[in-house]
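Trainee: A structural model of the following input is requested.
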Amino acid sequence: MSRIGKLPIPIPAGVKVDIAEDNTVTVKGPKGALSERVKGGIQIKEEKGCLILTRPTDSKPHKAMHGLYRALVNNLVVGVTDGFSKTLEMVGTGYRAQAQGDTLTINIGFSHPVVLKAPKDIQFETPAPTRIVVKGINKQQVGNLAADIRKIRKPEPYLGKGIKYENEHIRRKEGKSGK
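Mentor: Numbering: from 1, shown residues only. Sure thing, here's the model as predicted:
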């Protein structure tokens, strides 16, 4: 059995889970509501304060879908209770960011500032001028938006300047040898 798929998903207090006829799981919690349609023949049921996903056969596609949908449904529950966040750091002279409401203004060495508007359910924070925190309830949206911000100016390997994730290690290259 799938090691991920067989694990039950505990439902915390204050979270309401609805399972529709077409296998759509809707999770409502203190931070908002999310839904996901479970496909691939995977069945989902609620028992004893936990969600349990089962697969119809032990074929390879069903095993893959079992672990995938268990992880996706677990992300729904975690998202509406705790939320997700990604932290980015800017390295370089004069690089800075400023969050105002749902807009993020980034000065990253271009002739103009880069202005980003946050999608629904996503917030920007700038605890320091060189740090950007992307927060939200949908893990996929948070990750995609953080990747888009990083894509504005990827870290380069010679000086390490650019936008990088908080725990990302940049492999540095040696410069020209002066022979």
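Trainee: any low-confidence regions in the chain?
Mentor: Applying pLDDT under 70 to the chain flags the ranges 1-2, 178-179.
Trainee: centroid-nearest residue for it?
Mentor: Closest to where the C-alpha atoms of the chain average out (Cα atoms, centre = their mean) is Lys139, at 3.0 Å.
Trainee: helices of this protein, start to end?
Mentor: Counting by DSSP state H, one finds helices in the chain at the ranges 60-81, 139-152.
Trainee: and of these, who's closest to Glu125?
Mentor: Comparing these by their distance to Glu125 (Cβ to Cβ), the top pick is helix 139-152, with 12.3 Å. Where you see a C-beta, it was placed from the backbone N, CA and C, and this is true even at glycine.
Trainee: what's that closest one packed up against?
Mentor: Helix 139-152 sits against helix 60-81, strand 84-91, strand 103-107, strand 114-117, strand 122-128, strand 131-136, strand 162-165, with contacts defined as 3 or more Cβ pairs under 8 Å, 6 or more residues apart in numbering; DSSP states H and E.
Trainee: tally of neighbours for Gly175?
Mentor: Counted with other Cβ atoms under 10 Å, residues neighbouring Gly175 total 8.
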